[in-house]
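1. got a structure for you, letters missing:
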């Protein structure tokens, strides 16, 4: 089971404030622990929304909106992607995480859909396309061959 673990943004993260050295070191130790346990797939902090964009969809139209975005309670400041055996294990890993900010923080955990979650609608052809995409990601940087 894969889970996306998201650190919610706040005024500090939206200001682009770099964490103190102590927090960076503590978080690096936590990342090493996740990696040694074989559960860490990816982890990164995100730049503030002032350096981001949103694309809004309305029918066939696409509109690009520049940041910053003001709904800070809905923003993501960083993430981990982990692969564990259960939601309980994901929760336990998050409970071991150091507080990612100097004040109050919130971390959200969301399970990632797997191919098996889609049932019969996920045809053999779609499964093959999914496998090709995953293989491409594993070899990042090589163009995906046309089928």
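-> That came in fine, so what should we check first? Since this is a predicted model, take the numbers as computed values, not measurements. Residues are numbered from 1 along each chain as shown.
2. can we go C-alpha only for contacts and neighbour counts from here?
-> Noted.
3. where in the protein is pLDDT low?
-> 72-73, 141-147 (pLDDT under 70).
4. all helices of it, in order?
-> Ranges of helices within the chain are 11-14, 21-36, 87-96, 124-138, based on DSSP state H.
5. tabulate the ones you listed (JSON lines), appending distance to residue 2.
-> Formatted as JSON lines, the helices of the chain follow (distance: least, CA to CA, whole Å):
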{"stretch": "helix 11-14", "distance to residue 2": "26"}
{"stretch": "helix 21-36", "distance to residue 2": "14"}
{"stretch": "helix 87-96", "distance to residue 2": "9"}
{"stretch": "helix 124-138", "distance to residue 2": "14"}
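6. looking at those, which is buried most?
-> Highest mean neighbour count of these: helix 11-14, a mean of 18 (counted as mean count of other CA atoms under 10 Å).
7. contacts for it?
-> Contact with helix 11-14 is made by 47, 48, 49, 50, 72, 77, 101, as judged by CA atoms under 8 Å, 6 or more residues apart in numbering.
8. mind redoing it with 10 Å?
-> Applying CA atoms under 10 Å, 6 or more residues apart in numbering, the external contacts of helix 11-14 come out as 17-19, 45-51, 68-70, 72-73, 75-78, 101-103.
9. quick check, central residue of the chain?
-> residue 79 (4.2 Å; CA atoms, centre = their mean).
10. contacting residues for that residue?
-> Shown in contact with residue 79 (CA under 10 Å, 6+ apart): 4-8, 42-46, 107-109.
11. what's the closest of those residues to residue 136?
-> residue 42 (16.5 Å; CA to CA).
12. would you check that residue 94 makes contact with residue 81?
-> No. Using CA atoms under 10 Å, residue 94 is not in contact with residue 81, being 11.4 Å away.
13. can you list residues touching both of those two?
-> 5, 6, 109.
14. can I get those residues in a markdown table with distance to residue 121 and neighbour count?
-> Shown next, in a markdown table, are the shared contacts of residue 94 and residue 81 (distance: CA to CA, whole Å; neighbours: other CA atoms under 10 Å):
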| residue | distance to residue 121 | neighbour count |
| --- | --- | --- |
| 5 | 28 | 22 |
| 6 | 29 | 22 |
| 109 | 26 | 17 |
